[in-house]
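Participant: My questions are about this predicted structure, shown below with the sequence.
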Amino acid sequence: MSDVAVIGGGPAGLMAADVLSRAGLSVTVYDRMPSLGRKFLMAGRGGLNLTHSEDLDAFIGRYGSRAETLRPWLEAFSPIDLIVWAEGLGQETFIGSSGRVFPKALKASPLLRAWLARLAGRGVEFRLRQEWTGWNAEGDLTFKGGETVRPKATILALGGASWPKLGSDGRWTASLAGTEIAPLQPANSGFRVAWSEVFREGFAGTPLKALALSFGGRTVRGEVMLTAAGIEGGAVYALSGALRDAIAASGPVTLEIDLRPALPAQRLGAKLAAAGPGQTVTNVLRKAGLNPAEIGLLREAGHVPKEPASLARRIKSVPIRLTGVQPIERAISTAGGVAFASLDENLMLRDRPGVFVAGEMLDWEAPTGGYLLQACFATGVAAARGVLASLDRRPALVLANE
């Protein structure tokens, strides 16, 4: 029997296994899927944004209300530490123009292969198609099919509830009865909009770039993707937490979209006026450089004024009514999870000694841009070091090139 059972073979669980196996403990990783790291591989389809290169204090601030809670673990396994770790697996990294950090391979599969090979070389056992179902009356871990095990320590790293087909479906909440768990909610998600049939059929799947979105006193720039159900995309995700909470509190909300954030309203008005008299509004907008999807979005928002100054103001502030949040299954990540009040400083459950929690199971959320993976890796390290401390073993470093 292994010293430690890690339940969940995503980034947090595998990082915990990395730390523990390097310290000399025997580790078994259990996962209900037929292969490991499925959501990690999905993240790699966009280039595998591992972390971000910004100043560490600014980086930690991206975690909002959980920033100071996560700070000790993000400082103990920082973005620099993650880069060194990845390069120790033969995966060189680079910093993109936005400050995001990527492996030069721009995909997850080479890193995952090297990682699993290193873990296997240290004797880590992988038990796939093993669905954890909780504990029996004797305190043994139980699995669907009847297997039971009693390790010296357990790390739970089962993920949130987004992308359930890849393995994280949130069903673990039923096995943690008595533990305080904040409801799982979609994070970095899209939102529903009641588009007209004409707009939906004409522009679903169209990206709108270089926009500025404003809500609740905050403005972010980025891209929006128009979908048949509503909107999504990087700029939407950056505001999704505030939008989600506002919708939950009071129903539909209005998001303001600036279609030309780089152009002041006065200059934009002059550009519109230069189209000349007698032009239709559509021709004026086309001559000002708006594409058909942007023109359609203006019309979806209601009356489109003809007077240049008024039209410029509308282009700079297009109101879009968001009627709801896209389902959690479509979200990039999950908010909610095991409350930090239920855990000690080593991420061990107060009501279950010897059981530690890591990754997206914890009650935190963060924007895209490398923050999601970084916190999963860092809490995986923290939980593993908590196990080592509980077993009176010297904490292991995971930074050396091996």
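Facilitator: Structure's in. What do you need?

Participant: CA atoms only for stretch 282-297, dumped as CSV, please.
Facilitator: Output in CSV follows, covering the C-alpha atoms of stretch 282-297 (Å, rounded to 0.1, in the frame of the first residue of the first chain):
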residue,chain,number,x,y,z
THR,A,282,-25.4,52.0,-42.4
ASN,A,283,-23.2,53.7,-45.0
VAL,A,284,-21.9,56.2,-42.5
LEU,A,285,-20.9,53.4,-40.1
ARG,A,286,-19.2,51.5,-42.9
LYS,A,287,-17.3,54.5,-44.0
ALA,A,288,-16.2,55.0,-40.4
GLY,A,289,-14.8,51.5,-40.4
LEU,A,290,-17.4,49.5,-38.5
ASN,A,291,-17.8,45.9,-39.7
PRO,A,292,-21.2,44.2,-40.3
ALA,A,293,-21.2,42.5,-36.9
GLU,A,294,-20.5,45.8,-35.1
ILE,A,295,-23.3,47.5,-37.0
GLY,A,296,-25.6,44.6,-36.2
LEU,A,297,-24.7,44.9,-32.5
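
Participant: Work out the gap between that stretch and the centre of the chain.
Facilitator: Distance of stretch 282-297 from its chain centroid, counting by Cα atoms, centre = their mean, to the nearest Å, is 34 Å.

Participant: contacts for it?
Facilitator: Under the criterion Cβ atoms under 8 Å, 6 or more residues apart in numbering, residues 199, 202-203, 206, 208, 226, 257, 259, 268, 271-272, 274-275, 279, 298, 308, 311, 315, 318, 320 lie in contact with stretch 282-297. (C-beta placed from N, C-alpha, C; glycine too.)

Participant: Are any of these buried, and if so which?
Facilitator: 199, 203, 206, 208, 226, 257, 259, 268, 271-272, 275, 298, 308, 311, 315, 318, 320 (16 or more other Cβ atoms under 10 Å).

Participant: Just want the phi and psi numbers for residue 82.
Facilitator: Backbone torsions of residue 82, given as degrees, to the nearest 10, read phi -70, psi -40.

Participant: quick one: it and residue 50 touch, right?
Facilitator: Yes: Residue 82 is within contact range of residue 50, at 6.1 Å (criterion: Cβ atoms under 8 Å).

Participant: so what's in contact with the two at the same time?
Facilitator: Contacts common to residue 82 and residue 50, judged by Cβ under 8 Å, 6+ apart, are 101, 374.

Participant: what comes up buried for stretch 378-393?
Facilitator: 378-388, 390.

Participant: Redo the residues you listed as a markdown table? Include pLDDT.
Facilitator: Shown next, in a markdown table, are the buried residues of stretch 378-393 (pLDDT from 0 to 100):
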| residue | pLDDT |
| --- | --- |
| 378 | 98 |
| 379 | 98 |
| 380 | 98 |
| 381 | 98 |
| 382 | 98 |
| 383 | 98 |
| 384 | 97 |
| 385 | 97 |
| 386 | 97 |
| 387 | 97 |
| 388 | 96 |
| 390 | 95 |
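
Participant: In helices, which of those residues fall?
Facilitator: The helices, defined by DSSP state H, take in 378-388, 390 from the buried residues of stretch 378-393.

Participant: how deep is residue 79 tucked in, by neighbour count?
Facilitator: 21 (other Cβ atoms under 10 Å).

Participant: What pLDDT does the model give it?
Facilitator: If you check residue 79, the pLDDT there is 98.

Participant: Nice, that's everything, thank you.
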